[in-house]
Structures are given as C-alpha cells and as structure tokens.
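1. The amino acid sequence is not available; the structure is as follows:
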C-alpha cells in the first residue's frame, strides 16, 4: 500500500467516528502523508455576540485538519498542544478552508502549520500544532504503519 492510499484509509476510518467535525459540517477536500485540507461553512449558530464566527469554531476547523494530517501514517497521534492566532473575522456564509502542512516529524513528536482562509483567499487564522504519536497503535488495524516524510 502506498503512502497516499494509507492516508486515505486513515481518513476514512477517522471520519467515520469524528462526530465533532461532521456535526459542524466540515468536509475533507484532500488528505496525504502529513497533510490535509478541510472546509467549513460559517453558520448562524456559529456566530458570537459581535455577529462574527466564534474563534473556537475556527480553532476546531484547524484542529481537525491537524488531526487528519498527523494521523495519515496509520499511527494514533494526538495533539500535545497548539497555538492559535486569529487574524481576521469570519462571517456568516463564509466558507473557511484549513490547509495543514507537516513542518517536522521525528520519533513521537511532530509540528504542523495550519493556515485558515476564507473563500476570497484572505487569511483568517494561523494555527501551529504539536503532536504526540503513540508508537505501534494503528489508526486502522491490519494496515501497515507508514513512514514519515524524509525517512
């Protein structure tokens, strides 16, 4: 099984149980080894008292992209922390896209950058996630554990 097929199998297995991402209307546009792209439309029930998208929803979109990117090697990987910078407001009807890119992965830890933009390509947020891999615990039983980039 090649790395792309493995990433897609992990995506499918995780998506089936990801009630949070599905419940928020997210869609997975792309996934690959160490990368993922997700979208989410800003709904009425996501607006705060200033009539803009609550930052927690923007963060959740970025966190979901992070999760699909860092689990693409078929080893259960969780967040050990992240930093979120909200750059611009998202409004009702905006379609946000989170693009996750692996910056570094070595041993049990990794670093991922997630850029969140609106449908006009304007940056809404910058997220940096730190991951921790539980070595030997596959996302999908019976499939090989993949190699990280550069190894």
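-> Happy to help now that I have it. Small disclaimer: the values here were computed from a predicted structure and weren't measured.
2. so residue 10, which of the three states?
-> helix (DSSP: H, G, I helix; E, B strand; the rest coil).
3. dump the residue contacts of it.
-> Going by Cβ atoms under 8 Å, 6 or more residues apart in numbering, residue 10 touches 31, 68, 71-74, 139-140. For every residue, glycine as well, the C-beta is placed using N, CA and C.
4. out of those residues, who's nearest residue 21?
-> residue 68 (8.7 Å; Cβ to Cβ).
5. Local confidence estimate at the closest one?
-> With respect to pLDDT, residue 68 has a value of 98.
6. Residue 121 now?
-> Residue 121 is assigned 98 on the pLDDT scale.
7. neighbours around it, how many?
-> Close neighbours of residue 121, defined as other Cβ atoms under 10 Å, add up to 7.
8. Residue 111 against residue 104, yeah?
-> Yes - with contacts counted by Cβ atoms under 8 Å, residue 111 reaches residue 104, the gap being 4.7 Å.
9. mind showing which ranges of this structure have poor pLDDT?
-> Scanning the chain for pLDDT under 70 picks out 147-151.
10. State the helix or strand in which the residue nearest the centre of the chain lies.
-> Closest to where the C-alpha atoms of the chain average out (Cα atoms, centre = their mean) is residue 65, at 1.0 Å. Using DSSP states H and E, the element containing residue 65 is helix 55-70.
11. So which residues make contact with the next helix or strand after that helix?
-> For helix 55-70, the following helix or strand on the C-terminal side (DSSP H and E) is strand 77-86. Strand 77-86 is touched from outside by 55, 58-59, 62-63, 66-67, 70-71, 109-110, 124-134, with contacts defined as Cβ under 8 Å, 6+ apart.
12. For residue 144, grab the count of nearby residues.
-> The number of residues packed near residue 144 is 11, by other Cβ under 10 Å.
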